[in-house]
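# next comes the sequence, and after it the predicted model I'd like to discuss.
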Amino acid sequence: MHMSLDALTERLVRENDEFRRLFEKHRNFEAQLEKLNARLVLNDEERFEAINLKKQKLALKDRMAAIARELVPRARHSI
């Protein structure tokens with residue numbers, strides 16, 4: 001039986017401290033990025049901040065995916 005991505009994410013947020021911390025950080029970065037993107041014009045500092053937020057979000061997403069890959073075989077067996 002395959003878990004949906006949302007179900008797996010919910011489970012990892014509940015059961016894995018590192019994943020939960022990364023997930024919350026990712027959401028925080030997303031909110032900051034949305035604030036910047038809502039502006040019509042960004043100055044150089046804000047553009048640099050947006051680029052850094054995107055890079056950090058990607059790094060977090062990569063780590064969360066790695067955690068999910070490590071735990072998926074165990075998750076499938078315990079459903």
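All right, it came through fine. Numbering: from 1, shown residues only.

# what is the top helix by length along the chain packed up against?
Longest helix in the chain by number of residues (criterion: DSSP state H): helix 44-77. Packing partners of helix 44-77 (3 or more CB pairs under 8 Å, 6 or more residues apart in numbering; DSSP states H and E): helix 5-15, helix 17-38. C-betas here are computed from N, CA, C, even on glycine.

# in it, which of the residues would be classed as buried?
Within helix 44-77, the residues that qualify as buried by neighbour count (16 or more other CB atoms under 10 Å) are 50, 53, 56-57, 60, 64, 67-68, 71.

# and of the helices and strands packed on helix 44-77, who's closest to residue 45?
When the helices and strands packed on helix 44-77 are ranked by distance to residue 45, counting by CB to CB, first place goes to helix 17-38 at 10.5 Å.

# residues touching residue 63, list them.
residue 22 (CB atoms under 8 Å, 6 or more residues apart in numbering).

# quick check: it vs residue 39, distance?
With distances taken as CB to CB, to the nearest Å, residue 63 is found 29 Å from residue 39.

# next: residue 51.
For residue 51, the distance to residue 39 - CB to CB - is 15 Å.
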